[in-house]
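**Student:** sequence isn't available, so here's the structure alone:
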Ligand code: NAP
Ligand code: GCO
């Protein structure tokens with residue numbers, strides 16, 4: 001259906017060399033968008049460019065630390081010159097540090113907040129002026145279960161992703177009148193490098209306890225795959241969601257709806 005067609009649109013996905021960002025970016029490209037992404041290092045960028053080429057997907061990549069406002073302020077005009085004004089922004093780049101709060105350094109807490117909350121502000125602020133000129137725009141912030149729930153050792157991440165949920169609602173409120181829709185996607189537990197430590201096999205070959213825990217808390221009784229995010233991303237990037245604004249779409253296999261399987 002044309003509602004989901006992204007032909008002629010420029011999509012910029014931050015941190016999309018691999019993982020969830022790579023899957024979402026690939027889906028946007030397959031829906032017709034011109035794809036742009038960034039990585040924090042040349043090494044990761046080159047790996048990402050090879051992965052897109054191997055997947056038959058045309059992509060333009062740049063090295064840029066999303067927490068560096070000066071670098072972002074230079075990158076966005078460069079993308080606009082070289083590719084075109086950005087129609088779809090996906091703030092995907094993110095990190096997590098799993099440390100008990102009383103042991104977490106202020107630097108560690110600040111770094112997580114810088115990447116997961118301040119950077120989406122920096123990049124959105126840089127992209128919105130062109131969206132205002134064009135009279136339309138789509139911003140998708142990648143939130144988390146931790147936008148709604150807490151757990152041990154992820155205080156900085158939960159604070160940042162909770163803030164990102166509210167930043168999403170505020171961008172919706174401030175720019176909805178200029179036809180900019182800002183929504184969030186809240187992935188559940190997805191099998192990527194970020195969650196690899198939670199899925200490592202035990203020395204005896206058994207599942208990691210956290211792996212078993214997530215399976216018991218997920219009605220789908222499985223971890224999500226990055227590809228599970230493609231449909232929701234294309235929906236929120238397309239005209240099909242022009243009256244969806246300020247919404248956090250949880251793609252979690254039902255975790256948030258479920259008390260969990262009885263042990
Ligand atoms: P990932 O595989 O670790 O990918 C994270 C990406 O963020 C990498 O491409 C990384 O770039 C980029 N990045 C980190 N810091 C950056 C910086 N300062 N500047 C530019 N890029 C930076 O993690 P993932 O699982 O795909 O997660 C992607 C997003 O989904 C994150 O926001 C994460 O919080 C969120 N999320 C993940 C899950 C999950 O279960 N996996 C669930 C909910 C939400 P490099 O390639 O240069 O390292
Ligand atoms: C953790 C995980 C989670 C997931 C995701 C859940 O340590 O609990 O890393 O934070 O990454 O954010 O939605």
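**Tutor:** The structure has been received and is ready for your questions. Keep in mind that what you see is a predicted model, and the values were worked out from it rather than measured. Numbering: from 1, shown residues only. Ligands and ions are numbered 1, 2, ... in the order given.
**Student:** all helices of the stretch 1-150 of the chain, in order?
**Tutor:** Secondary structure of the stretch 1-150 of the chain (DSSP state H, counting those that start in this stretch): helices at 19-30, 42-54, 69-82, 106-113, 119-134.
**Student:** return the most buried member of these.
**Tutor:** helix 19-30 (a mean of 24; mean count of other CB atoms under 10 Å). (Glycine included, C-beta is placed from N, CA and C.)
**Student:** what residue ranges in the stretch 1-150 of the chain score low on pLDDT?
**Tutor:** Scanning the stretch 1-150 of the chain for pLDDT under 70 picks out the ranges 1.
**Student:** would you mind listing what in it touches ligand 1?
**Tutor:** By CB under 6 Å from any ligand atom, the part of the stretch 1-150 of the chain that sits against ligand 1 consists of 14-15, 17-21, 38-41, 44, 65-67, 92-95, 115, 142, 144.
**Student:** next one: the stretch 151-263 of the chain
**Tutor:** 187, 189-190, 192-195.
**Student:** may I see the ChimeraX selection of the buried members of those?
**Tutor:** The buried residues among these can be selected in ChimeraX (16 or more other CB atoms under 10 Å) with this line:
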select :187,189,190,192,195
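**Student:** the chain: strands as residue ranges?
**Tutor:** Taking DSSP state E, the strands of the chain run over residues 10-14, 34-39, 59-63, 88-91, 137-142, 180-187, 248-251.
**Student:** what would the ones you listed look like in TSV with distance to ligand 2?
**Tutor:** What follows is the strands of the chain, written out as TSV (distance: least, CB to the nearest ligand atom, whole Å):
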stretch	distance to ligand 2
strand 10-14	16
strand 34-39	19
strand 59-63	24
strand 88-91	14
strand 137-142	9
strand 180-187	5
strand 248-251	9
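**Student:** mark which of the residues of the stretch 1-150 of the chain next to ligand 1 are buried, thanks.
**Tutor:** Counted by 16+ other CB under 10 Å, these give 14-15, 17-21, 38-40, 44, 65-67, 92-95, 115, 142, 144 as buried.
**Student:** need the strands of the chain in JSON lines (columns: distance to residue 128).
**Tutor:** Rendered in JSON lines, the data for the strands of the chain read as follows (distance: least, CB to CB, whole Å):
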{"stretch": "strand 10-14", "distance to residue 128": "12"}
{"stretch": "strand 34-39", "distance to residue 128": "16"}
{"stretch": "strand 59-63", "distance to residue 128": "19"}
{"stretch": "strand 88-91", "distance to residue 128": "9"}
{"stretch": "strand 137-142", "distance to residue 128": "7"}
{"stretch": "strand 180-187", "distance to residue 128": "7"}
{"stretch": "strand 248-251", "distance to residue 128": "20"}
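**Student:** would you mind measuring from the nearest residue to residue 101 once chain neighbours are set aside to residue 96?
**Tutor:** Spatial nearest neighbour of residue 101, chain neighbours left out: residue 155 (4.2 Å); criterion: CB to CB, 6 or more residues apart in numbering. Distance, residue 155 to residue 96, by CB to CB, to the nearest Å: 11 Å.
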